[in-house]
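> mind looking at a prediction? Sequence and model below.
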Amino acid sequence: MIYLDNNATTRIDPRVLDAMMPFLTDTYANAASTHPFGVSAHEAVKTARQQIADLLNCEVHELVFTSGATEAINLAIKGVAENYQNRGKHIVTVQTEHKAVLDVCHYLETRGYEVTYLPVQSDRSVGAGLLDLEVVKAAIRPDTVLVSVMLVNNETGVIQPVGEIAQLAHEAGALFMTDATQAVGKLPIDVDALGVDLLAFSAHKFYGPKGVGGLFIRQRRPNKVKLEAILHGGGHERGLRSGTLNVPGIVGLGKAAELARLEMAKDNQRIGTLRDELEAALLTIPGTRVNGNREYRLYNVTNIYFENCDSDALIMGLEGMAVSNGSACTAASIDPSHVLLALGLNEQEAFSCLRFSLGRFNTEADVTATVDAVKEIVEELRALV
């Protein structure tokens, strides 16, 4: 199997699994227990919390562990909406956000909140996929309590200027949140330099286990954020996320964060080179183009349009390979990608695109085999038209 769907999930790094194994077998105590067995689990959680804090340049008490980014996003947006509703009930986000953000915003609209969904610049423009900062500034109102913009888009890899957007939000008295699920562990992130107040992430996007993630919640001036909890029942995680801590998962998340901090530059260079080789070779196929911004983009992903080729047919024809035609979280949907539509593609074009996302375990041989296979299946499909 050639796996090129690393934006959907990554293979767990063997070193992460090794770190987790004792807590799945012999060291299985509840981290909230006060006996020595429980204290050892608690110490492992403390270590993991420090490893993540080192990766994000935050304080350990600013991290809340969750079951993943979706829960973290729900806690952040709903928590802000509930706690700051006296200031206003307006939220600003982006049309190309992950469904975890968009669906929460749609839910809040049924509860009396107003949401502005910002457009991104057209795929045919220099700023393809990027927000226009003047449009952002104009959308923020006196009653805006939260601006939420993802750092890296999961389908195109487009990197938004979140530092500048955070500044615009703060100037208007609003909080700023970023869904950094595709960025944490892949890009250097400094929450202070970016000026973010809330940041969501998930372990399985950077070689950690599934079912665990977290939320950074700023607890230092100038924006000490207060959230209302959405889960109750024991007061774990400073009362923000009740429930027995997933110690093996948290240990795995911490180890993945440590490895990312140490190996990020090496991964960036090697994976980026592979992505560039793959993309250049695929673009030699007539009737192809890259979707999104090629300059402000994560190094591991390319989203390519194949003229007169149905993406599902392409995927079916690529036997022994794993690629995608959009977000795994909306894979059951028969609708075209909302991200590609927001870029200005029509429905037929949006149904003719594939996302290739590479990772730590891909090789040159994977790229060569993928290019050969894609060229062959594209030729076969076009011959049927």
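Great, that's in hand.
> drop to CA atoms for contacts and neighbour counts, all remaining ones
Will do.
> okay, now L118: neighbour count?
For L118, the neighbour count with other C-alpha atoms under 10 Å is 19.
> find the nearest non-adjacent residue to it, please.
Once flanking residues are discounted, L118 sits nearest to V94: 4.5 Å by C-alpha to C-alpha, 6 or more residues apart in numbering.
> distance check, A100 against A200.
A100 sits 11 Å away from A200, going by C-alpha to C-alpha, to the nearest Å.
> try G344
28 Å.
> any idea how far M150 is from F176?
Per C-alpha to C-alpha, M150 is found 10 Å from F176.
> and for N6?
Applying C-alpha to C-alpha, the value for N6 to F176 is 27 Å.
> what do you get for G292?
For G292, the distance to F176 - C-alpha to C-alpha - is 24 Å.
> between the two, point out the one with more neighbours.
Under the criterion of other C-alpha under 10 Å, the comparison of G292 against F176 puts G292 first, with 30 against 25.
> you'd agree that one is up against V158?
Yes: under the criterion of C-alpha atoms under 8 Å, G292 makes contact with V158 at 6.5 Å.
> between these two, which contacts overlap?
Here G292 and V158 have G129 as joint contacts, going by C-alpha atoms under 8 Å, 6 or more residues apart in numbering.
> how about V152, phi and psi?
Dihedral pair for V152: phi -130, psi 130, per degrees, to the nearest 10.
> neighbours around the closest residue in space to it that isn't next to it in sequence, how many?
Nearest non-adjacent residue to V152, counting by C-alpha to C-alpha, 6+ apart: I159, 4.6 Å away. Here the number of neighbours of I159 (other C-alpha under 10 Å) works out to 23.
> how far away is I159 from N86?
Relative to N86, and taking C-alpha to C-alpha, I159 is found at 33 Å.
> quick one on the thing from earlier: okay, and the common contacts of A100 and A200?
I73.
> please say which of the two ends up with more neighbours.
Shown here are A100 and A200; by other C-alpha under 10 Å, A200 has more neighbours (30 against 16).
> got the domain ranges for this structure?
Per the record, the chain has its domains at 2-9+263-384, 14-258, by automatic domain parsing.
> and the end-to-end length of the last one?
The one in question is domain 14-258. Per C-alpha to C-alpha, domain 14-258 runs 14 Å from first to last residue.
> average model confidence for that domain?
In this model, domain 14-258 has a mean pLDDT of 96.
> looking at the protein, which helix is longest?
Longest helix in the chain, counting residues (DSSP state H): helix 247-282.
> okay, now the sheet partners of whatever helix or strand comes next after that helix, with direction.
Counting by DSSP states H and E, the next helix or strand C-terminal to helix 247-282 is strand 288-290. Strand 288-290 sits in its sheet next to strand 301-306 (antiparallel), going by DSSP bridges.
> which residues does the partner strand contact?
By C-alpha under 8 Å, 6+ apart, the list of residues contacting strand 301-306 reads 7, 155-157, 275, 279, 287-292, 349-350, 352-358, 378.
> again, 6 Å this time
156-157, 288-291, 352-357 (C-alpha atoms under 6 Å, 6 or more residues apart in numbering).
> would you mind putting those residues into TSV with neighbour count and distance to E109 alongside?
Converted to TSV, the contacts of strand 301-306 look like this (neighbours: other C-alpha atoms under 10 Å; distance: C-alpha to C-alpha, whole Å):
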residue	neighbour count	distance to E109
T156	27	27
G157	27	28
T288	16	39
R289	17	37
V290	19	34
N291	28	30
S352	21	32
C353	28	31
L354	24	32
R355	26	31
F356	26	34
S357	29	33
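> can you lay out those residues as a markdown table showing distance to F37?
Below are the contacts of strand 301-306 laid out as a markdown table (distance: C-alpha to C-alpha, whole Å):
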| residue | distance to F37 |
| --- | --- |
| T156 | 46 |
| G157 | 43 |
| T288 | 58 |
| R289 | 57 |
| V290 | 54 |
| N291 | 52 |
| S352 | 55 |
| C353 | 52 |
| L354 | 49 |
| R355 | 46 |
| F356 | 45 |
| S357 | 41 |
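> looking at the residues you listed, spot the one nearest G234.
Of all those, G234 sits closest to G157, with 38.6 Å by C-alpha to C-alpha.
> quick check: the closest one vs V149, distance?
Taken as C-alpha to C-alpha, the span from G157 to V149 is 14 Å.
> check I304 too.
I304 is 23 Å from V149, where distance means C-alpha to C-alpha.
> D192 too?
To V149, D192 is 16 Å away according to C-alpha to C-alpha.
> the two: which has the busier surroundings?
Per other C-alpha under 10 Å, whichever of D192 and V149 has more neighbours is V149, with 27 against 13.
> who's in contact with that one?
Counting by C-alpha under 6 Å, 6+ apart, V149 touches 93, 178.
> how close does it get to D179?
7 Å.
> can you check V371 too?
Taking C-alpha to C-alpha, one finds V371 at 32 Å from D179.
> and if you look at G208?
Counting by C-alpha to C-alpha - G208 and D179 are separated by 18 Å.
> for the two, indicate the residue with more neighbours.
The residue with more neighbours, out of G208 and D179, is G208; 31 against 28, by other C-alpha under 10 Å.
> so that one sits right up against E258, yeah?
No: assessed by C-alpha atoms under 6 Å, G208 is found out of contact with E258, at 10.8 Å.
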